[in-house]
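In: sequence unknown, structure follows:
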DNA sequence: CAATATACTTGCATCGTGCAATTACCTATG
DNA sequence: CATAGGTAATTGCACGATGCAAGTATATTG
């Protein structure tokens, strides 16, 4: 009964694998929200993210937006285009560097944002209602470190993952 | 100075919004993994998820697979098709109900799975290395409840979110 | 004042996704 | 036991998202 060879230590149970669990919650919660802003405003996911970013700034250029919501320049450009078409944002060419454009939210963009944010907050509240205050605090602090570590993992690529043990 | 009207309680800061934070970690961590199994095996995300599911079962039909990895029947069918083409899975028509097919992993499918799972485990280890044991336990238990609550949110759709206060 | 670099945009080819229609099969009913 | 209706899975097609090459406009540098 040399069964050991058929049970490698590489087992991975999808439903218990941390990245999948995070993905699952994020995906399940994103669907109703996307449904809402899609139907109500014809907004794409990138459009919503960008709208949220410019809602909390006076203005931002494409690079800043991309950094703030993890979108590549192409997606940012198209997302801004969509918001401008919808009348939710305006582009003004940058005063200092005219290759950049200062994007800002319009009044009707802010109205849309407020409606979507209300739903977003309701979703977050539903999730948090299942956690104690202590758990919420722990989760928040843990997520900060997970965000940093996942950014490093992403930056390193898969080749870097196969040999090295642990991190700094 | 009736400024209150211009500062509604609908503010939502993307970078502090729980669903976005979960999404961000999941997405950043998924990219290197997808890069790996995409280049190495020509596998899609659905293909990888299905492979992981049939790796832990003797066989499964499409409906079971879909339930286990949150994929709709179309995606499952196409994912299985891909795995069969790659030689990673075989379909045998179900003995009890011949509308269903019993899908099982092949030897070479398991080889591929083991290689990918090694990477997946490395990623998870990197993430967990940033958390204390206590935090890992709290996160695990919190995620269980978040999974359940997000499933309810998803099932209810966005209309159910706008009026009701709290949950059960 | 070229030459090169940067910020962003556009076009195009490709791929994933959603949905209607289809096939094959099972089950219940008269 | 024929058939009507339901279910599991698949396929075709249309559409939108995504990735990348190339283009435009502007800035910077030697």
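Out: Alright, I've got the coordinates. Computed from a predicted structure; not experimentally measured. Numbering: from 1, shown residues only, chains lettered A, B, ... in the order given.
In: which stretches of chain A have low pLDDT?
Out: A:1-9, A:164-168 (pLDDT under 70).
In: residue contacts, the residue most central in space within chain A?
Out: Centroid check for chain A by CA atoms, centre = their mean gives residue A:69 as the closest residue, at 5.9 Å. Applying CB atoms under 8 Å, 6 or more residues apart in numbering or on different chains to residue A:69 gives the contacts A:49, A:50, A:52, A:53, B:14. All C-beta spots, glycine's among them, are computed from the backbone N, C-alpha and C.
In: Check those residues and tell me the two furthest apart.
Out: A:50 and B:14 (9.6 Å; CB to CB).
In: So these two - more neighbours on which side?
Out: residue A:50 (31 against 22; other CB atoms under 10 Å in any protein chain shown).
In: so where does the closest residue to that one other than its chain neighbours fall, helix or strand?
Out: Computed as CB to CB, 6 or more residues apart in numbering or on different chains, the closest residue to residue A:50 that is not its neighbour in sequence is residue A:79, at 4.4 Å. Using DSSP states H and E, residue A:79 sits in helix A:73-86.
In: go on, residue A:102?
Out: strand A:101-105.
In: Out of the contacts of residue A:69, which is nearest to DNA strand C?
Out: Ranked by distance to DNA strand C (CB to the nearest atom of the strand), the contacts of residue A:69 are led by residue A:50 at 10.5 Å.
In: Please give me every residue in contact with the closest one.
Out: A:65, A:69, A:71, A:76, A:79, A:80, A:83, A:89, A:103.
In: gap between residue A:70 and DNA strand C?
Out: Separation of residue A:70 from DNA strand C (CB to the nearest atom of the strand, to the nearest Å): 15 Å.
In: Quick check: the gap between that residue and DNA strand D.
Out: Residue A:70 is 11 Å from DNA strand D, where distance means CB to the nearest atom of the strand.
In: got the phi/psi numbers for that residue?
Out: The phi/psi pair for residue A:70 (degrees, to the nearest 10) reads phi 50, psi 50.
In: That one: how many residues sit nearby?
Out: Residue A:70, neighbours per other CB under 10 Å, totals 17.
In: can you confirm residue A:90 is in a strand?
Out: Yes - counting by DSSP: H, G, I helix; E, B strand; the rest coil, residue A:90 is part of a strand.
In: How about the residues of chain A by DNA strand D?
Out: Contacts of chain A with DNA strand D, taken as CB under 7 Å from any atom of the strand, map to A:44, A:45, A:46, A:72, A:74, A:75, A:78, A:93, A:97, A:98, A:99.
In: can I get these in a markdown table with neighbour count and distance to DNA strand C?
Out: Formatted as a markdown table, these follow (neighbours: other CB atoms under 10 Å in any protein chain shown; distance: CB to the nearest atom of the strand, whole Å):
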| residue | neighbour count | distance to DNA strand C |
| --- | --- | --- |
| A:44 | 17 | 13 |
| A:45 | 17 | 12 |
| A:46 | 21 | 12 |
| A:72 | 9 | 8 |
| A:74 | 11 | 5 |
| A:75 | 20 | 9 |
| A:78 | 15 | 6 |
| A:93 | 10 | 9 |
| A:97 | 9 | 6 |
| A:98 | 8 | 9 |
| A:99 | 8 | 4 |
